[in-house]
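Enquirer: Let's see this in three dimensions:
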Amino acid sequence: MPRQLRARISRPNYASLAAIVNGEDPETGLTKPSFDEDADSGSDFTPNKLSEDAPDDLQNDSEGLLEVDKEESEEAPKRGKIQTPTTSGSRSISHLPSITRTKPSHKPPPKSISKMSAPRTAKIYALPNPSVHHRHRAMPVFIRKEQVERLDAPPTLFKPPKIISTNSITSEQFLTDRISKAWGYNVGPGPVWNIMEDRSCFKEALEGEENPMNESFRRPRVHQGVEIKSGWTRLNERDAAKYFPTDTVLTDDGQLQPPAPVHCFLGPYGRQTRVEMAMFDSHATSEYMPGSQSFVFNVGSPAWGADWCPTYPDDRPRRSYKHYLAIAPFPSRSHSPMIGAKVQRPVPACIQIWCLQPKQGNTSQADHSPAGEMKCEMVLCLESGPAFEIKWCPLPSHDQWNEVHVGEHPRKLGLLAGTFEDGSLSVYIVPDPEDVRSKHDDPIRPTSVHLPEPFLRIELEDTSCWSLDWANSETIAVGCTNGYVAIYDIGHAVRTGQSRNMLPTHYISIHQCAVRALAWIRIPPTDGSGIPSTSEDPTFLATGGYDGLECLTDIREPHGNVVNRTRDVINSTTYSSFAGGPIMIDHDNTVKAYSVSPSTLGRGHVLLEPDGPVWSVSASDYHAQLAIGSADGSCVTTNTLKSTRRGGSVPFFVHKIFQLDYSRKTGEFRMLDHFLPQETQERSTNLKGKQARKDESETSISTGVWPPEVGVHRVTWNMGNGLGGAPLLASTTGSGLCRVDWLLGRWIRNKVPYVNVPNMRREVDDMMDEDSGDD
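Expert: As a prediction, the model looks like this:
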């Protein structure tokens, strides 16, 4: 009997999927119903249809988005993906009026068809952008209905600003859209002075006053009853030498010696001048480059901490509108702190108090701008070790400057908090430099003041304090090296002076290792009806750690929420009220802004990609400019309220403020500035790897290795001296050279949007309702 074969079992034919996708039924050959593209989908993310009388810029935006969709649909078959007959913003199906029968296809099936499903690429912790050519608009998270202040004339250093009242950017949705779009027309390195305003929110703000628009009501004086702790002493230069930064090489008899002077080339490229700067020396760049408004000074060693001291508006004229800056240098240029390693006290270190003041004997220049100088007025000699991060109390906490000092206790300049190498969070009450200086002291050299103990010291037994941020004048958040975040209410301790065995109000585990970046999202909590409780502390924190996690945490819940995960260290984060959320660091040195608005929670977009790893980012409460310091020696700024669509007439500029270079052969530095702005280069994630690497090789002009001396470790905007001091930007580097820049922006084509600022802010009746520039 012949052998019989087993009957063939029918298997599903995956080639028939192609017929299904093409609109045919594999069995009947009938054409599938088509989709109605004009029907409404009902989705919240679907763009609204534009009317015929809509502004031209919005018409252009919609056309640009349609072009992006067409390009993506054309690229889909090239990548070999299966196309679906869906279109953006359409779900409803309309059946055809007649059905026609088609001939069956006689094409042979493909030779090989993969049975594996496509890999899942969607992130579960963040919402992706539609494309690199479009970004969401920044949405405010705190609405201020009251009037605010704005400048009526360009600000000038050491001169009183001309301030008038105006409508807040969040007083109406119409003004929010209009002013936010106007910020996008800024193409300068700093803020445009016309539309700067204070968008901060502190619970100490006075309510029920006649003029709530004044800065003195929004940022009142705090901690008025606190006095300098007894035990401070003045030190002569010999006794204070051990607290100052020292050289890495000892003398023949084993003694420490001052750091060697730094040799740096300043001035325009090709015509630079070699300048020798010893510790505490400073130079104005206008000496080597006419018209420049920057100052370079030497603190002696690398500095991780720098912050501007807030001042009360009524006291600024009494000191000629000088600005105080605190900088915390390391003991030497070779000092390398270990994460989580505590040192035993006493460890000598210092914090230097510099001031930007009018230059003595020269009040004006040819361009009618006052001549200034940077001067180190005081050095705080401490026993807690070098500081990792320092921050002043965000509200003015100094005593009145109109009083005549009488008695042994000097007036205070403010409360300065910091995390130190002994593992503690310490708060020092800084004495006023004018009260501690003696008549016999050298006016060129700084006065040295020894503070043996801080006013408030907080220590945790099993971890070290690594980063910090003030929520207001009483609440401080501390990032620890074990991944926890501790929150302290120091208000009672400061008022009563009882700070022993102080416990945190919250102790939350967020990261798996040290918390390096920490920033409060300074918005008040809301009650059950949605009304903000402006007298309460903020409850949201943005953190980043060495584990590559970026988290948003509500301290009312005992855990963090991951918004992004990278393979890089998150060195810094900041909150921008103009961008509507925290600004953090993504992979490949990318700086991204994330939204905390409920409608776009967690969604982020790229602001810029520096050429090196990012050390520090800083945003301001007064304007939309973002400052970034990176390891390649560059300090750059960019506008966070750029146009929402690429391809318009307003470019996405990145401004390099300065570039620090170092020669290993000669040991000399070179500081270059006045760079031409560069347009932001963003690459699509849909490009293939070969094409992406090709684009990266064409746009990258920097190397991947830099000397540690050129890194820009800290950048900070001046947020404590009103609208007149908002354009000031301070930065520190690994060489000990620090810099202060006066930066102002400009309108594209020097044309103010919406005719003028009063019309833009609806201070008067609108002269025209259409935009004055192209998007």
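Enquirer: Which parts of the stretch 401-550 of the chain are strands?
Expert: Counting by DSSP state E, counting those that start in this stretch, the stretch 401-550 of the chain has these strands, from start to end: 412-420, 425-431, 447-450, 456-458, 465-470, 475-480, 484-489, 506-509, 515-521, 540-545, 549-554.
Enquirer: And the shortest one, what does it pack against?
Expert: What it means is strand 456-458. Other helices and strands packing on strand 456-458, by 3 or more C-beta pairs under 8 Å, 6 or more residues apart in numbering; DSSP states H and E, are strand 425-431. The way it works is simple: take the backbone N, C-alpha and C, and place the C-beta from them, glycine included.
Enquirer: Ok, the first one next?
Expert: Using 3+ C-beta pairs under 8 Å, 6+ apart as the contact test, the elements touching strand 412-420 are strand 323-329, strand 349-358, strand 387-392, strand 425-431, strand 465-470.
Enquirer: Just say which of the ones you listed is most tucked in.
Expert: Mean neighbour count, computed with mean count of other C-beta atoms under 10 Å, is highest for strand 323-329 among these, reaching a mean of 26.
Enquirer: looking only at pLDDT, what's the mean for that strand?
Expert: Average pLDDT, strand 323-329: 97.
Enquirer: Compute the inter-axis angle for that strand and strand 349-358.
Expert: Counting by axes from the mean of the first three to the mean of the last three C-alpha atoms, to 10 degrees, strand 323-329 points 150 degrees away from the direction of strand 349-358.
Enquirer: What number of residues are in the vicinity of residue 248?
Expert: 14 (other C-beta atoms under 10 Å).
Enquirer: average pLDDT across stretch 273-292?
Expert: For stretch 273-292, mean pLDDT rounds to 94.
Enquirer: Is it possible to get TSV of the strands of the stretch 401-550 of the chain that adds distance to residue 627 and mean pLDDT?
Expert: Below are the strands of the stretch 401-550 of the chain laid out as TSV (distance: least, C-beta to C-beta, whole Å; pLDDT from 0 to 100):
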stretch	distance to residue 627	mean pLDDT
strand 412-420	21	96
strand 425-431	25	96
strand 447-450	31	96
strand 456-458	30	94
strand 465-470	17	96
strand 475-480	21	97
strand 484-489	25	96
strand 506-509	29	95
strand 515-521	14	96
strand 540-545	17	95
strand 549-554	19	94
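Enquirer: For residue 619, find the nearest of the ones you listed.
Expert: Counting by C-beta to C-beta, residue 619 lies closest to strand 515-521 out of those; the figure is 9.1 Å.
Enquirer: Now do the closest one: everything it contacts.
Expert: Residues outside strand 515-521 that contact it (C-beta atoms under 8 Å, 6 or more residues apart in numbering): 141, 466-471, 477-481, 483-485, 538, 540-546, 552, 569-575, 581-582, 584-585, 596.
Enquirer: hang on, the earlier thing: between the helices and strands packed on strand 412-420, which gets nearest to residue 399?
Expert: Each of the helices and strands packed on strand 412-420 has some distance to residue 399 by C-beta to C-beta; the shortest is strand 425-431, at 10.1 Å.
Enquirer: Show me what the closest one pairs with in its sheet, parallel or antiparallel.
Expert: Using DSSP bridges, the strands paired with strand 425-431 are strand 412-420 (antiparallel), strand 456-458 (antiparallel).
Enquirer: any idea which of these is most buried?
Expert: Comparing the strands paired with strand 425-431 by mean count of other C-beta under 10 Å gives strand 412-420 as most buried, with a mean of 26.
Enquirer: what is the orientation angle of it with strand 387-392?
Expert: Going by the same axes, to 10 degrees, strand 412-420 makes 150 degrees with strand 387-392.
Enquirer: Show me which helix or strand of the protein is least confident by mean pLDDT.
Expert: One helix or strand of the chain scores below all others by mean pLDDT, DSSP states H and E: helix 56-78, with a mean of 40.
Enquirer: Mind checking what helix or strand follows that helix in sequence?
Expert: Remark: after helix 56-78, the chain's next helix or strand is strand 148-151, criterion DSSP states H and E.
Enquirer: Do me a favour and average the pLDDT over the next helix or strand after that following strand.
Expert: Remark: after strand 148-151, the chain's next helix or strand is strand 163-166, criterion DSSP H and E. The average pLDDT for strand 163-166 rounds to 93.
Enquirer: can you list the residues that contact strand 163-166?
Expert: Contacts for strand 163-166 (C-beta under 8 Å, 6+ apart): 147-152, 197, 213, 723, 761, 763.
Enquirer: contacting residues around whichever helix or strand comes after that strand?
Expert: On the C-terminal side of strand 163-166, the nearest following helix or strand under DSSP H and E is helix 173-183. Where contact means C-beta under 8 Å, 6+ apart, the residues beyond helix 173-183 that reach it are 137-138, 140, 167-170, 192, 195, 578, 624, 639, 641, 643, 753-754, 760-762, 771, 775.
Enquirer: Now residue 319: closest residue in space, sequence neighbours ignored.
Expert: Residue nearest to residue 319 in three dimensions, not counting chain neighbours: residue 401, with 6.0 Å by C-beta to C-beta, 6 or more residues apart in numbering.
Enquirer: burial of the closest residue to residue 277 other than its chain neighbours, as a residue count?
Expert: Excluding the flanking residues, the one nearest residue 277 by C-beta to C-beta, 6+ apart is residue 298, at 4.3 Å. Using other C-beta under 10 Å, residue 298 has 24 other residues around it.
Enquirer: ok, now which ones touch residue 298?
Expert: By C-beta under 8 Å, 6+ apart, residue 298 lies in contact with 261-262, 277-282, 736-738.
Enquirer: tell me the SS of residue 240?
Expert: Here residue 240 is helix, with the state taken from DSSP: H, G, I helix; E, B strand; the rest coil.
Enquirer: residue contacts, it?
Expert: The neighbourhood of residue 240, defined by C-beta under 8 Å, 6+ apart, consists of 379, 381, 448, 450.
Enquirer: rerun at 6 Å
Expert: By C-beta atoms under 6 Å, 6 or more residues apart in numbering, residue 240 lies in contact with 381, 448.
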